[in-house]
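# sharing a sequence plus its predicted fold:
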Amino acid sequence: MLFTTLQYLIFLPCVVALFWVLPHKLRLPMLLIASYVFYMSWIPQFILLIVPMTFFNWVWGAFMHRHLDKRKLLLGIGIGINLLILGVFKYANFVIGTATATMHLFTHKDPQWVCNIILPLGISFFTFEFIHYLFEIYRGNKPVNSFVLFALFAAFFPTQIAGPVKRYPDFVAQMLEEKKPCLSDFDEGVPLIIMGMAKKLLLANNLATFVQMGFAEPSAYGAIELWLFAYAFAFQIYFDFSAYTDIGRGSAMLFGYHIPINFNLPFIASNMADFWRRWHISLSTWLRDYLFIPIGGSRGAKWNVNWNIFLTMALGGLWHGAAWNFVVWGIYHGLCLIVHREFVVVKAKLPQLEAFWQSKVFHGMSVLLTFNAVVVGCVFFGMNNIQAAFNFVKRMVLLRPIFTSIEGHQFLVLKQEMPLVVPIVIAMTLILLLINYPLSKLIEKKAFSVVPVPVKAVYWSALVVLMITFLSNAAQPFIYFQF
């Protein structure tokens, strides 16, 4: 059940109406059932995996709390079991494929090992939330007594498949409140849903048409064209994933629940550390709190800290997908973070340039450099063939050839027959970039309600009309559904 389908647009209002009609004690059980129905709309059989995982972590958290003298051992066992399940379903095909390729490389024999395991939707996000829960019990927080409440923490359908990764103390506290319908929640939630759908249907899906043209056969294009494809993919990822977050947050608001913001204008980041404070915020803070800090964090010698950064980002890349291109993407970002950290040290040793470091010129240069560094990394994120990805980046960076020269034509990407919607997508992207900052600030400050109702009605209606007009023929899943 995609967020952008008619099925969801019928499902959501029905569940919202039922939620507010029911008495408080029946709302959470109903919401849990609805969340499991939402999950089972994909592959019903996987409910037989998620429910036992939920029950195990609920029981194990309570067991840990009763045996705090052995909590370190119990935490290790709990995390190990969760990672084992994740490893079997997400990484078994990857491990067997890698072993097969290695065997063929050294022995020139192909053993034809096959392990066709289907990846359950949302298992990575379920697992991260379960591990977070066990960590918090280990740190002294009280476990959740109600199984329904704990199961809903993991299964809540607006965040079920692709996050944001929730923190259980905050979410459970909201669930326990006896809520009443609040007009401001609907005034914020509905526009977020519409904005998210516009990002997905108008921008991400149509940018995908352009990106697929270049990623399918990069050798047919010159460096300038490859840069255009890479820029387009960077915006596609952003609009696709932030669209999911907007729809999820907006849907949660209709029940009176507030989910943390997951994106904060990442493409205006002035360095890689700033980028990760703005991009997929719930994941980056999870990696910091439950991986980077436990393995040593910023403590110890410089080499140790850099290693901790490198390892955290490499594992973060592997979490994104069971393929070597994601590992390389994570390593790339880890190296970028280390370079930034070393540059900060260099800056501190050059106080005579302090005025330049603080200038708008340096800030603009930093934003431009950071954005292009992110775009280069996006190539590894988007191409499964790691060798093709390296060749793609090589041609981009070396600017060779600058333009395409096939059958006497140059700059082929602009001369080929392209979808009519591409120029509209580019224009919409620029418009959305211009309005996104003030609009997001208005929503965050709960000031959007002061905008005259006719103005809001015209704006959101225009977006709905555009979505209907330029709706693609086939529904496209969100990129992060594969993780």
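Okay, I see it.

# for the lengthiest helix in the chain, packing partners?
Looking across the chain with DSSP state H, the single longest helix is helix 223-253. Applying 3 or more Cβ pairs under 8 Å, 6 or more residues apart in numbering; DSSP states H and E, one finds that helix 223-253 contacts helix 183-198, helix 205-216, helix 360-382, helix 386-398, helix 412-415, helix 421-444. Backbone N, C-alpha and C define where each C-beta goes, glycine included.

# quick one: the nearest residue to residue 249 once chain neighbours are set aside and residue 384, what's the gap?
Spatial nearest neighbour of residue 249, chain neighbours left out: residue 259 (4.7 Å); criterion: Cβ to Cβ, 6 or more residues apart in numbering. Per Cβ to Cβ, to the nearest Å, residue 259 is found 31 Å from residue 384.

# so between the two, which is more surrounded?
Neighbour count, other Cβ atoms under 10 Å: between residue 259 and residue 384, residue 259 has more, with 22 against 13.

# look up phi and psi at that one.
phi -100, psi 140 (degrees, to the nearest 10).

# check the one 3 residues further on too.
With angles defined as degrees, to the nearest 10, residue 262 shows backbone torsions of phi -110, psi -20.

# verify the stated contact: residue 154 with residue 129.
Yes - judged on Cβ atoms under 8 Å, residue 154 makes contact with residue 129 at a distance of 5.3 Å.

# surely residue 320 touches residue 326?
Yes - Residue 320 lies in contact with residue 326 (Cβ under 8 Å); the separation is 4.6 Å.

# neighbour count winner among those two?
Higher neighbour count among residue 320 and residue 326: residue 326, with 22 against 19, using other Cβ under 10 Å.

# now do the more buried one against residue 259, distance only.
Using Cβ to Cβ, we find residue 326 at a distance of 25 Å from residue 259.

# and for residue 41?
From residue 41 to residue 259 the distance is 21 Å (Cβ to Cβ).

# what is the burial count for residue 476?
Neighbour number of residue 476 under other Cβ under 10 Å is 16.

# tell me the secondary structure at it.
coil (DSSP: H, G, I helix; E, B strand; the rest coil).

# wait, isn't it in contact with residue 205?
Yes - using Cβ under 8 Å, residue 476 is in contact with residue 205, at 5.1 Å.

# what's the neighbour count on residue 50?
21.

# leaving out chain neighbours, which residue sits closest to it?
Distance criterion Cβ to Cβ, 6+ apart; nearest residue to residue 50, sequence neighbours excluded, is residue 126 at 6.3 Å.

# now do residue 377
For residue 377, the spatially nearest residue (Cβ to Cβ, 6+ apart) is residue 332, at 5.0 Å.

# quick one, phi/psi of residue 327?
According to degrees, to the nearest 10, residue 327 has phi -60, psi -50.

# my bad, should have said residue 119
According to degrees, to the nearest 10, residue 119 has phi -80, psi 120.

# give me the below-cutoff pLDDT ranges for this structure.
Flagging of the chain using pLDDT under 70 yields the residue ranges 101-102, 104-116, 403-453, 456, 470-475, 477, 480-483.

# redo that, cut-off 80
Along the chain, the model assigns pLDDT under 80 to residues 1, 91-121, 161-163, 322, 400-483.

# give me the domain ranges for it.
6-180, 185-478 (automatic domain parsing).

# start to end distance for the last one?
Read that as domain 185-478. Across domain 185-478, the terminal residues are separated by 25 Å (Cα to Cα, to the nearest Å).

# excluding its backbone neighbours, what's nearest residue 255?
Excluding its sequence neighbours, the residue lying closest to residue 255 (Cβ to Cβ, 6+ apart) is residue 19, at 5.6 Å.

# scratch that, residue 170 is what I was asking about
Nearest non-adjacent residue to residue 170, counting by Cβ to Cβ, 6+ apart: residue 260, 8.0 Å away.

# list the contacts for the one you found?
Neighbour list for residue 260: 164, 166-167, 170, 281-282 [criterion: Cβ atoms under 8 Å, 6 or more residues apart in numbering].

# quick revisit: my read: the residue nearest to residue 50 touches residue 53, true?
Yes - between residue 126 and residue 53 a contact is recorded at 6.5 Å, counting by Cβ under 8 Å.
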